[in-house]
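Trainee: sequence? don't have it. structure:
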DNA sequence: CCAGCGAGTAGGAAATCCAAACTCACCATA
DNA sequence: TATGGTGAGTTTGGATTTCCTACTCGCTGG
């Protein structure tokens, strides 16, 4: 998914051009958990080594990950999230919550995240201004750039 | 990205197996905007028609989209988000916000979303229990299923 | 000296993707 | 009645990517 070949200018497409390729977000998951070494990534994600190497290069180029030396002689690296990478973690949490809700009717969550408040994390996406929940009915799209036509219920 | 070939049980991987293939989330973007007809999707997303047809089948099978007849004779369809599909819109908003922030330093956002509160939407992912922001430093992972090893700063 | 590990590369088969053309059913015009 | 147009795909055949296995390279530990 190299350039965002999207005919519309769009930050969703642009973001997906960076982290939307197969395995990229799983790499981020592992790296956020602290499992940032190449062979760990191979084992934990199940990606072919060459594809993984390509993804890692791209994520480093895009400043989502950073290579970190944890041993000179022999020189060994570990991948860690940058600030920008860490700011994608909420996306992962939201994806996880959707999967937990819609892809497993019974309560067999493979992973539970605890928030610092002590409760089990159930993420909600909210409006920073008012704190209200972000739901489709509460949104209205305002295209700023040419190339957009909006016909539906979300239209202004 | 058919089955989640991930060696670990994981709702992130499972969700990506449904909506993580190329174009799938852009389809959802269009459909949420009300542009749900096949040729609109082709034009607006820039995807090859056959790939798009495959994606649409998968998204309907996964109950993210629904085919809606808007004309008998000639029979014509339109794709619309299901409830589950609408619940992925927050993911799109979060991806858009990340792209706006990290992929365009200057203020040239191609699309602005207005929240019902009247303000421009800046989405934040929060903990439903305490309302606090979801940030890496505030999270702790608790694997529930075998196959997980967590070594890093997020570890319990 | 030999085996092993971490972090990748290399090579070719298999699966996907892509663009353009084609289908099929229907409607509108002339 | 032919002629063209639209919407929603399917077909076709070649260009890319992925996938899998094996290999490398630098180093270390016994």
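Mentor: Yep, it's here. Please read these numbers as outputs of a predicted model, since none were measured by experiment.

Trainee: Let me know the distance separating the closest residue to residue A:18 other than its chain neighbours from residue A:27.
Mentor: Counting by C-beta to C-beta, 6 or more residues apart in numbering or on different chains, the nearest residue to residue A:18 once its immediate chain neighbours are dropped is residue A:62, at 4.7 Å. No exception for glycine: its C-beta is placed from N, CA and C like everyone else's. Here the criterion is C-beta to C-beta, to the nearest Å. By it, residue A:62 lies 12 Å from residue A:27.

Trainee: More neighbours: those two, which one.
Mentor: For residue A:62 versus residue A:27, neighbours defined as other C-beta atoms under 10 Å in any protein chain shown are more numerous around residue A:27 (27 against 18).

Trainee: mind listing what that one touches?
Mentor: Residues touching residue A:27, when contacts are defined by C-beta atoms under 8 Å, 6 or more residues apart in numbering or on different chains, comprise A:41, A:45, A:52, A:55-56, A:59, A:65, A:79.

Trainee: what's it sitting at in phi/psi?
Mentor: Recorded main-chain torsions at residue A:27 are phi -60, psi -40, according to degrees, to the nearest 10.

Trainee: What is the subsequent helix or strand relative to the helix or strand hosting residue A:84?
Mentor: When secondary structure is defined using DSSP states H and E, the element that contains residue A:84 is helix A:83-86. The element immediately downstream of helix A:83-86 (helix or strand, assigned by DSSP H and E) is helix A:89-102.

Trainee: Now that following helix: buried residues?
Mentor: Neighbour counts over helix A:89-102 (16 or more other C-beta atoms under 10 Å in any protein chain shown) mark A:89-100, A:102 as buried.

Trainee: Which other helices and strands does that helix contact?
Mentor: Contacts defined by 3 or more C-beta pairs under 8 Å, 6 or more residues apart in numbering or on different chains; DSSP states H and E place helix A:89-102 against helix A:24-33, strand A:111-115, strand A:123-127, helix B:11-19, helix B:89-102, strand B:123-127.

Trainee: quick one: average confidence on the last one?
Mentor: What strand B:123-127 shows for mean pLDDT is 98.

Trainee: Quickly check: the helix or strand following it near chain A or not.
Mentor: Using DSSP H and E, the helix or strand that directly follows strand B:123-127 along the chain is strand B:139-143. Yes - Strand B:139-143 reaches chain A (C-beta under 8 Å from any C-beta of the partner chain) through B:139-143.

Trainee: Packing partners of strand B:139-143?
Mentor: Contact analysis of strand B:139-143 by 3+ C-beta pairs under 8 Å, 6+ apart lists strand A:111-115 as its packing neighbours.

Trainee: Next, the angle strand B:123-127 makes with the strand it packs on.
Mentor: Direction vectors for strand A:111-115 and strand B:123-127, defined by axes from the mean of the first three to the mean of the last three C-alpha atoms, to 10 degrees, enclose an angle of 100 degrees.

Trainee: Please work out which residues outside strand A:111-115 touch it.
Mentor: The contact list for strand A:111-115 (C-beta under 8 Å, 6+ apart) reads A:93, A:96, A:120-121, B:10-11, B:127, B:129-130, B:132, B:134, B:138-145, B:148, B:156.

Trainee: cool, and stretch A:66-84?
Mentor: For stretch A:66-84, with C-beta under 8 Å, 6+ apart as the criterion, the contacting residues are A:27-28, A:31-32, A:36-38, A:41, A:56, A:59-60, A:63-65, A:85, A:88-89, B:98, B:102, B:136.

Trainee: Give me the neighbour count for the residue nearest to residue A:6 when sequence neighbours are not counted.
Mentor: Leaving aside its chain neighbours, residue A:6 sits nearest to residue A:13 (3.8 Å; criterion: C-beta to C-beta, 6+ apart). The criterion is other C-beta under 10 Å. On that basis, residue A:13 has 26 neighbouring residues.

Trainee: Noted, bye for now.
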